[in-house]
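Participant: just a sequence and a predicted model for now, questions to come.
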Amino acid sequence: MPRYAMVIDLQRCVGCGSCSISCRNENNVSEGIYWSHKITETSGTFPNVRFHYIPTLCNHCTNPPCVRGCPTRAMHKLDNGITMHDPKKCIGCRYCMINCPYGVIYFNWKDGHSTWKSDNAVIPGVTGSPADEVRKVGGKGTPYYNPERNATLPDIRPKGVVEKCTFCDHRVIRGKLPRCVEACPADARVFGDLDDPNSHVNQLLGKFRPFRLKEAVGTEPAVYYIRDFSAAGYPRTKGGV
Amino acid sequence: MNKFYLWMGLISIGILLGLWTTFKVYTVGFTVYAKTDVLVWTLPLSAYIFFSLTSAGLAFVSSFPVVFGIQRYEVIEKRTVYLEIAVLMGSFVCLLLHLGAPLSVVYILFSPNPASPLWWLAVLYFVYFILLISAFWRIHTGKISKTLGTLIFIIAIFSSTTLGWLLGMTDARAALNASFFSFYFPLTGLASGMAALILFTMVYNKLSGQETTTEKRALFNEFSRLMGIIAGMVAVLFLWRTISGGISSTAVEYGAFKHMIGSIPYNIEFWLGLVIPTILMLLPKIRVTTSGKIVASFLLLVGMFAGRLEFVLSGVVRPLGQMAEGRPEIVGYMPTIYELFVVLFGFAVMLLIYSLGERFLKLEAAPE
């Protein structure tokens, strides 16, 4: 059984957000919920400033506090290392959200895609309503509805339960890559098996010095980051006093 | 008679508002609460913690005659156990309105996870409730069961300390501060349990106009002094929590708690809930008066209620990881009217059950 992991090359990542958009389409993710997201930071003082961009998703930790704390095993580990959730068993206590150090688990505070249910046209008589748009394309709840998501998880999750990235488990079991990996135009995301010494992820982890988010918490994330992008140069100097 | 029906009418308003809130929560969604992806635990959960720890505290009090053999406390045993049941029902109401999918709790049975403190809490509370009903029935029929009383005492210790474990497991939220709460919770639970018993008994005495026996007066004077001492002990621990986590710690994770130190719930907890009741109950002239006891116990309960909210917010107001994206370092919280109705619902259910017991089940009666 493989043990899946992802390597994100920060030098290749251009921060375009394709990962987040494709994830939303693939998994029918509602507005306000981000299975794929980012952490941005600005360092330095003007005019010496720098922008940092770190793409984020569920880390599918080897030692996941969300799984340990879930009273009904709704949050659980699959044999392939993916941290999965079962909305049927979720009691909506949100203890997993409290336990997750990365803030990647979301709660459905209301029915999914509620803005698409509106029958109010933006400009009456001129534009269609959100509900018209859904009907026009034959979607279910949202115009970008993907029925394939239903293979391992309810296509649209009900209100009152949590949800998060699943490494596109429904694609992975069919031998496909997670949608964010496939959609990345810069090939900044590399997916593979940690137990295969020749996998691309292992090649990259051996070649570069990887880091993971909040390693001190001891969760052993399966999402690794390598390299960092900076086009800046500077004249050779020893500083001064 | 009229006063009783007026009281029932007031309670009914609280229950109706609670039912309306329940309807809104399960039709509109949890957006009726002031919750965001950061503020995942707020007032309904803190109210649940307040009720459940008060119930555990009452269990400690009910163990005085049964477990520790202090027989003079037998005269208040029936009211104490019944109040435990009423308070526990209040906690269940708040918990149900906190859970997103309460019907799925059956999976606690069918898909158990013993590694989860939350699973243990659910099991403990289920057993606790059954034992409480059985113990009360025994007392109502005239006998105290030592076995049931001992089991209730043990479960109250486990439930209140497991609640500490529940928060202690969250390594990512240092401000919830693990091991500290495993002993802070039972102690504060005892304080609020004692306060609840004193408040309910004193108010009942005042309203019923019944003559209190000298023996019972002496018992409650002693009991009130004990409550003052416990409140003082809690105040000392509370200060140490402030010093270690809020002043001397340099860890950024404690930023949320440092923020809460200046908050309204924090100051209500410390000044109104701990300092004033301690002073009032350590002054003999005030301690022996019914009004003094009522004011001190009421303030202590108000303080404990605020304290539960303060500590829940300490854990959540600082966004973690990607949740911090586009958000301030500390997120503000103001409860919505529906969250207040949840609390009102909890109190209304508790008061309804207690008032019916007071009227029909002779809570004054001492077991054999």
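Facilitator: Sure thing, it's come through. Predicted, not measured: the structure shown is a model, and the values here were computed from it.

Participant: tell me the residues of the stretch 251-368 of chain B that contact chain A?
Facilitator: Where the stretch 251-368 of chain B comes near chain A, counting by CB under 8 Å from any CB of the partner chain, the residues are B:315, B:316, B:319, B:320, B:321, B:322, B:323, B:324, B:325. Placement of C-beta: from N, CA and C, glycine included.

Participant: could you pull out the strands for chain A?
Facilitator: Listed from the start of the chain, chain A has strands (DSSP state E) covering A:4-9, A:37-45, A:48-56, A:75-77, A:83-85, A:106-107, A:162-163, A:189-193, A:223-226.

Participant: in CSV: the residues of the stretch 251-368 of chain B next to chain A, plus secondary structure and neighbour count.
Facilitator: Below are these laid out as CSV (DSSP: H, G, I helix; E, B strand; the rest coil; neighbours: other CB atoms under 10 Å in any protein chain shown):
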residue, secondary structure, neighbour count
B:315, helix, 21
B:316, helix, 25
B:319, coil, 21
B:320, coil, 20
B:321, helix, 19
B:322, helix, 22
B:323, helix, 24
B:324, helix, 16
B:325, coil, 15
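
Participant: just those now: which is nearest residue A:152?
Facilitator: Using CB to CB, residue B:322 is the member of those that lies nearest residue A:152, at 23.6 Å.

Participant: contacting residues for that closest one?
Facilitator: A:34, A:37, A:38, A:39, A:56, A:102, A:103, A:104 (CB atoms under 8 Å, 6 or more residues apart in numbering or on different chains).

Participant: so which of those are also by chain B?
Facilitator: A:34, A:37, A:38, A:39, A:56, A:102, A:103, A:104.

Participant: I'd like to know which of the residues you listed are buried.
Facilitator: The neighbour count (16 or more other CB atoms under 10 Å in any protein chain shown) marks A:34, A:37, A:38, A:39, A:56, A:102, A:103, A:104 as buried among the ones next to chain B among the contacts of residue B:322.

Participant: so how far is residue A:33 from the last one?
Facilitator: Read that as residue A:104. According to CB to CB, to the nearest Å, residue A:104 and residue A:33 sit 11 Å apart.

Participant: swap in the fourth one?
Facilitator: Residue A:39 sits 17 Å away from residue A:33, taking CB to CB as the criterion.

Participant: mind listing the helices for the chain?
Facilitator: You didn't pick a chain, so chain A it is. For chain A, applying DSSP state H gives helices covering A:18-27, A:65-69, A:95-99, A:130-136, A:169-172, A:179-183, A:200-207.

Participant: hmm, no, I was thinking of chain B.
Facilitator: Taking DSSP H as the test, the helices found in chain B are B:2-27, B:43-66, B:77-96, B:107-110, B:117-140, B:146-168, B:178-208, B:214-241, B:255-261, B:264-267, B:276-282, B:284-287, B:290-316, B:337-360.

Participant: can you list contacts of stretch B:329-343?
Facilitator: B:17-18, B:20-21, B:24-25, B:32-34, B:36, B:38-39, B:42-44, B:47, B:93-94, B:97-98, B:255-256, B:259, B:313, B:316-319.

Participant: selecting buried members of these in PyMOL, what would you type?
Facilitator: Filtering the contacts of stretch B:329-343 down to the buried ones (16+ other CB under 10 Å) takes a single PyMOL command:
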select buried, chain B and resi 17+18+21+24+25+32+33+34+36+38+39+42+43+44+47+93+94+97+98+255+256+259+313+316+317+318+319
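
Participant: count the neighbours of residue A:80 for me.
Facilitator: By other CB atoms under 10 Å in any protein chain shown, the residues close to residue A:80 number 17.

Participant: that one contacts residue A:5, correct?
Facilitator: No. The criterion here is CB atoms under 8 Å, and residue A:80 misses it with residue A:5 at 10.4 Å.

Participant: up against chain A, what does the stretch 101-250 of chain B have?
Facilitator: Within the stretch 101-250 of chain B, the positions near chain A by CB under 8 Å from any CB are B:101-102, B:104-105, B:107-108, B:111-113, B:115-119, B:122, B:166, B:169-173.

Participant: buried only: go through those for me.
Facilitator: In these, burial by neighbour count holds for B:101-102, B:104-105, B:107-108, B:111-113, B:116-119, B:122, B:166, B:169-173, counting by 16+ other CB under 10 Å.

Participant: tell me the contacts of residue B:134?
Facilitator: If you count contacts by CB under 8 Å, 6+ apart, residue B:134 has them with B:145, B:148.

Participant: and it, how far from residue B:128?
Facilitator: The gap separating residue B:134 from residue B:128 is 11 Å, by CB to CB.

Participant: ok, residue A:126 next?
Facilitator: Relative to residue B:128, residue A:126 is positioned 62 Å away (CB to CB).

Participant: neighbour-wise, which of these two wins?
Facilitator: The residue with more neighbours, out of residue A:126 and residue B:128 and counting by other CB under 10 Å, is residue B:128; that gives 25 against 7.

Participant: and that one, how far is that from chain A?
Facilitator: Look at residue B:128 and chain A: by CB to the nearest CB, to the nearest Å, they are 16 Å apart.

Participant: repeat that for residue B:221.
Facilitator: 43 Å.

Participant: next one: residue B:75
Facilitator: 40 Å.

Participant: likewise residue B:86?
Facilitator: 24 Å.

Participant: what is the burial count for the closest residue to chain A within chain B?
Facilitator: The nearest approach of chain B to chain A comes at residue B:100, 1.9 Å away (CB to the nearest CB). Using other CB under 10 Å, residue B:100 has 23 neighbouring residues.
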